[in-house]
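# The following block contains a protein sequence and its predicted model.
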Amino acid sequence: MSFLGSMGVVKVSILTVPDYDFQCIHEALEKSIELIGGLPDCIRAGARVFVKINHLPPASPAERGIVTHPIFAEAVLRLIAGTGAHITVGDDIESSLGYEVSGYYEMCRRLGVNLVNLKEIGFRQIECKGRFLNKVYFSKAVLDADVVINLPKLKTHSLTVITGGVKNMYGTIPSGFRTKLHGEYPDNEDFAHVLADVFSVRIPELTIMDGIVAMEGEGPASGRLKRLGLIIASRDAVALDSVVAKIIGLKPMEVPTTRCCHERSLGIGTSERIEVVGQRIEDVVIVNFKYPLYVTSALAGKAPRFLLRYLLGQIGIRPRVIEDECTGCCECERICPVYAISMRNAIAWIEQSKCIGCLCCNEVCHFGAIELKRPAIGRLLHLLYEMWRKFISRS
């Protein structure tokens, strides 16, 4: 990797900003990127730059904390524009009208930046030398770019622990293909390798995370907002995810995508090969950050294999519809890869015998109408496992 230092380490910068004030963010971003080598180090004049935002469907305003905030993105875009690059911004979203709701349409129009919905530009089938995928449909806009800038939002994820730099690149493949892969690879570890497969197709040159207002709990759409005031940047998305894990109180290898990518040399995940610049991790660590309920299965990687299999078979996390909160929008019905969800009297209904626990329905519901529940025996096993995990970590 060309961005590794002379000692084989990669830099990750952490800077703090109080809120979504454009000037503060712009100044912090400028310093943050300079600390890891500067924009000229990865963007030449006239380069075609694609900026991959996190714009989770369906449409939601920036204040919901579900999308990369447009003010944050605008500060990045203005810095990139200063290099003389040709900029395109986008994600694979349900409808381009979503950009109007989030504020991206007006922001990009004002800047004169090309804003695209990846499904309208199209996808190209290419070879993928992955663990599970040998071919993948990948965004033409991303493949044709000279430089890819990755702008994830700091959020938890009910299946992958966090939505970080690696997970954000999953949006470069078609939504239907993403749903299909959820159904084919319901196991957490397998799915993490699928995400690594997609990530390996086009590794971004620069990743900058919007951690000013994060989401904890049942992210990436139904969690609670938590103001962190952080901007985190790196030339290595895996190293960035590793640092983010430590900030929210996890060990880097407890995040399955970080572990898989590190093992496959798609980035650096171990702390001894990461140099943190700007703020120290110790000064920005978040105490009592709330993880997703389903995180147990992702963190169970240290358990003996036989115990892991038993635990995963017993904890029984499954989505449940809160009828009073359901709006009948049908998004969960459309996203379910195994057709386990149908509408009954304009309320979503989940056929539990078909449910594979991929949690796509929980991810797509922006109304808090799908909660994750664990039966009593599962709660007891979860408690015992957490006690065991704390004991192991001290030994």
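Done, it's in.

# Dig out what the residue nearest to the spatial centre of the chain forms beta bridges with.
When CA atoms, centre = their mean is applied to the chain, the residue found nearest the centroid is T163 (2.3 Å). Note on T163: beta-bridge partners K155, judged by DSSP bridges.

# do you know how far it is from K251?
18 Å (CB to CB, to the nearest Å). From N, CA and C alone the C-beta is placed, and that goes for glycine too.

# Was I right to think Y170 contacts A196?
No: assessed by CB atoms under 8 Å, Y170 is found out of contact with A196, at 10.1 Å.

# thought the residue nearest to the centre of the chain was touching A221?
No: contact criterion CB under 8 Å: T163 and A221 do not qualify, at 9.9 Å.

# thinking again about what came up before, between Y170 and A196, which has more neighbouring residues?
More crowded of Y170 and A196, by other CB atoms under 10 Å: A196, with 27 against 20.

# I203: what's it in contact with?
V148, A237, L266, G267 (CB atoms under 8 Å, 6 or more residues apart in numbering).

# Please, where are all the strands along the stretch 101-250 of the chain?
For the stretch 101-250 of the chain, applying DSSP state E, counting those that start in this stretch gives strands covering 114-117, 123-127, 135-139, 147-151, 153-157, 161-163, 206-216, 224-234.

# Most tightly packed of these?
strand 161-163 (a mean of 29; mean count of other CB atoms under 10 Å).

# what's in contact with that one?
So strand 161-163 is contacted by 54, 152-157, 219-220, 241, 244-245, 248, 250, 254-256, 291-292, 295, 298-299 (CB under 8 Å, 6+ apart).

# my guess is A62 contacts P70, does it?
Yes: A62 is in contact with P70 according to CB under 8 Å; the separation is 5.6 Å.

# tell me, what's touching those two both at once?
Contacts common to A62 and P70, judged by CB under 8 Å, 6+ apart, are S102, G103.

# Can you list the low-confidence ranges for the stretch 51-200 of the chain?
Within the stretch 51-200 of the chain, no stretch has pLDDT under 70.

# what do you get for the stretch 201-350 of the chain?
Using pLDDT under 70, the stretch 201-350 of the chain drops low at 293-317.

# Helices of that one, start to end?
237-247, 256-263, 281-284, 295-299, 305-314, 331-335 (DSSP state H, counting those that start in this stretch).

# contacting residues around the third one?
Okay, so that is helix 281-284. By CB under 8 Å, 6+ apart, helix 281-284 touches I14, T16, L228, L230, V243, K246, I247.

# And for the second one?
Under the contact criterion CB under 8 Å, 6+ apart, helix 256-263 has outside partners 131, 160-161, 164, 166-167, 188-189, 191-193, 195-196, 199, 238, 241-242, 245, 252-253, 267-270, 298, 301.

# Any idea which of the strands of the stretch 101-250 of the chain gets closest to A47?
strand 147-151 (5.3 Å; CB to CB).

# For the closest one, which strands pair with it and how are they oriented?
Checking strand 147-151 against DSSP bridges gives partners strand 48-53 (parallel), strand 206-216 (parallel).

# tell me the domain ranges of this structure?
10-284, 295-394 (automatic domain parsing).

# neighbours around the residue nearest to K251 when sequence neighbours are not counted, how many?
The spatial neighbour of K251 that comes closest, neighbours along the chain excluded (CB to CB, 6 or more residues apart in numbering), is A245 at 6.8 Å. A245 has 21 neighbours, counted by other CB under 10 Å.

# and what of M253?
There are 19 residues near M253, going by other CB under 10 Å.

# any idea how far G269 is from it?
Counting by CB to CB, the gap from M253 to G269 is 7 Å.

# so which of the contacts of I203 comes closest to I66?
A237 (20.1 Å).
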